[in-house]
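>>> kindly return the folded structure for what I paste below:
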Amino acid sequence: MDSKSVCVYGAGCIGLDLAAQLIGGGHQVSLVARGENFERLRLGFRHINAAGQSRIISGKRYRLTDQPERLPPQDYIFLTVTADAL
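Next up, the predicted model:
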């Protein structure tokens, strides 16, 4: 499969799990986060999969922004926000 550029809009539990899977699959991931999540994700995050295995995802492996309008065109966009955030 060719590497795709993928935007994950919403960096909560679901968004980070999805981002980790996409990064692991070799895709170019852009994460859109805000507030405290944005600040925490600058360095990276810990991903724990369904089997309980833990790994660190370095901040160098994804693009992080709180200004999605500045991202280049994306092949896919996933919205992983709560309903009240729409």
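>>> which intervals of the protein have sub-threshold pLDDT?
By pLDDT under 70, the low-scoring segments of the chain are 1, 85-86.
>>> in it, spot the helix with the most residues.
Ranked by residue count under DSSP state H, the longest helix found in the chain is helix 13-24.
>>> which is the next helix or strand following it?
Later in the chain than helix 13-24, the nearest helix or strand by DSSP states H and E is strand 28-32.
>>> just want the angle from that following strand to helix 13-24.
160 degrees (axes from the mean of the first three to the mean of the last three C-alpha atoms, to 10 degrees).
>>> adjacent strands (with direction) for strand 28-32?
strand 5-9 (parallel), strand 62-65 (parallel) (DSSP bridges).
>>> what's the most buried one of those strands?
strand 5-9 (a mean of 21; mean count of other C-beta atoms under 10 Å). Bear in mind the C-beta positions are built from the backbone N, C-alpha and C, glycine included.
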